[in-house]
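> What shape does this take:
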Amino acid sequence: MGATGDRLDHSFCNIGITVKFMGLIDIFLVSGESLLEPFSGTIERACTIGETVSIYGINKDTLFTTKGLKYRLKSEPLPFGVRESTSNVVVSNKIKVTASTGAGLLIRSLQSVKENGFFTEH
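Residues are numbered from 1 along each chain as shown. Take a look at the predicted model:
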């Protein structure tokens, strides 16, 4: 779903909608050259070495662990407005991100997602 524009309130609402419906349907948000993917549990994604990815948490109770990123997270919280993992760098052909409970948001380059066949995996 492409859902950003010049109204910040609409952008926040639409990000929330991706989290709200992620367990029911495959839902993504595209904005410019970026793709936002809400997730829970563990996800693995094919990536391009050197690609930039960002991870955001929703609340303080969700702990994130990552593999394949320059700046690894090891059971660390990323509560919104307190801490984030912005502009991390992919160091392998695949990344693994785990959210212990709750949900997270993974933001990647739309071009890299297309090049790595993401849309054929779902």
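> Quick one: list the elements packing against the top helix by length along the chain.
Longest helix in the chain by number of residues (criterion: DSSP state H): helix 8-21. Helices and strands touching helix 8-21, by 3 or more CB pairs under 8 Å, 6 or more residues apart in numbering; DSSP states H and E, are strand 29-31, strand 34-46, strand 94-109. Where you see a C-beta, it was placed from the backbone N, CA and C, and this is true even at glycine.
> Name the residues that touch the longest one?
So that's strand 94-109. The contact list for strand 94-109 (CB atoms under 8 Å, 6 or more residues apart in numbering) reads 15, 18-19, 22, 33-47, 51-59, 61-69, 75, 78.
> Between strand 34-46 and it, find me the angle.
170 degrees (axes from the mean of the first three to the mean of the last three CA atoms, to 10 degrees).
> Just give me the neighbour total for the nearest residue to residue 58 once chain neighbours are set aside.
Nearest residue to residue 58, sequence neighbours excluded (CB to CB, 6 or more residues apart in numbering): residue 103, at 5.3 Å. Applying other CB atoms under 10 Å, we find 19 residues neighbouring residue 103.
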